[in-house]
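Colleague: pasting the structure only:
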């Protein structure tokens, strides 16, 4: 159900209206949060444009496999791996959010609409 709604949002609503979900954090601070660009990235993935999706938000390409591994660890009861993965994903997300706002790492900023 949620996946279907997301698909309609990305494939119907956005192309027809051009009205996306604004990032409140970016609007208020002018900084990029770790999630900035995810909506555009998911839209690019649906178009099978992986290069563009990576340019919008590369973090999801790192977190997605780690999350799948985390789900496997939970299912198998591997508590040490489970905790380590959670802390790793949290650390990566915080680091990504900080680094993408430092000028030398400006290549991590989400690309603008083309």
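Modeller: Thanks, I have the structure now. Source: prediction; values computed, not measured.

Colleague: I'd assumed residue 23 was in contact with residue 35.
Modeller: Yes: in terms of Cβ atoms under 8 Å, residue 35 counts as a neighbour of residue 23; the distance is 7.0 Å. For every residue, glycine as well, the C-beta is placed using N, CA and C.

Colleague: Now the common contact residues for those two.
Modeller: Taking Cβ atoms under 8 Å, 6 or more residues apart in numbering as the contact rule, residue 35 and residue 23 touch no residue in common.

Colleague: Would you indicate which residues of the longest helix that the chain contains are buried?
Modeller: In the chain, assigned by DSSP state H, the helix with the most residues is helix 79-99. By 16 or more other Cβ atoms under 10 Å, the buried positions in helix 79-99 come out as 82, 85, 89, 93, 96-97.

Colleague: Who are the packing partners of that helix?
Modeller: If you count contacts as 3 or more Cβ pairs under 8 Å, 6 or more residues apart in numbering; DSSP states H and E, helix 79-99 packs onto helix 59-76.

Colleague: between the helix it packs on and helix 79-99, how many degrees?
Modeller: In terms of direction (axes from the mean of the first three to the mean of the last three Cα atoms, to 10 degrees), helix 59-76 departs from helix 79-99 by 160 degrees.

Colleague: Enumerate the positions of helix 59-76 that are buried.
Modeller: Buried residues in helix 59-76, defined by neighbour count with 16+ other Cβ under 10 Å: 59-60, 63, 69-70, 73.
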